[in-house]
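> Everything below, folded, please.
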Amino acid sequence: MPAWWKRWYAAQNRSTDISRIRNMYTKALEVAEQNDRVREYLRASLGGLVNLKTTYENDVTAVALIDVVVDNVNSALA
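Okay, here's the model as predicted:
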């Protein structure tokens, strides 16, 4: 089964994917307030978000939304 078909069938697109990422980070930041290990994982995950920005470099909106997540994580971990 082709990947494009799976994404279409599951109604996945950039908007839904980034929305899921934002929700996951929001929940992780809530847990990170009381869990040092989660804080470490969040810090380590920032590289993946930078890579994701490279993937979506032609989509200014997607890059901006990812930047907001990165800024939120950096602010919470400071």
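> tell me which helix or strand of the chain sits lowest on mean pLDDT?
The weakest-scoring helix or strand in the chain, judged by mean pLDDT, DSSP states H and E, is helix 3-9 (a mean of 73).
> Let me see the residues that make contact with that one.
12-13 (C-beta atoms under 8 Å, 6 or more residues apart in numbering). In this view, the C-beta of every residue, glycine as well, is placed from N, C-alpha and C.
> Output that helix in CSV, but only the C-alpha positions, please.
C-alpha atoms of helix 3-9 as CSV (Å, rounded to 0.1, in the frame of the first residue of the first chain):
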residue,chain,number,x,y,z
ALA,A,3,2.4,5.9,1.6
TRP,A,4,0.3,8.6,-0.1
TRP,A,5,-2.7,6.4,0.0
LYS,A,6,-2.3,5.8,3.7
ARG,A,7,-1.9,9.5,4.4
TRP,A,8,-5.0,10.3,2.3
TYR,A,9,-7.1,7.5,4.0
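> C-terminal to it, which secondary structure element comes first?
The helix or strand immediately downstream of helix 3-9 is helix 14-32, counting by DSSP states H and E.
> Which positions in that next one come out as buried?
Neighbour-count burial for helix 14-32, counted by 16 or more other C-beta atoms under 10 Å, picks out 18, 21, 25, 28-29, 32.
> now the protein, which segments are flagged as low pLDDT?
Applying pLDDT under 70 to the chain flags residues 7.
> now with 50?
For the chain, no stretch is flagged by pLDDT under 50.
> center of it - which residue?
Geometric centre of the chain, nearest residue: Ile21, 3.7 Å, by C-alpha atoms, centre = their mean.
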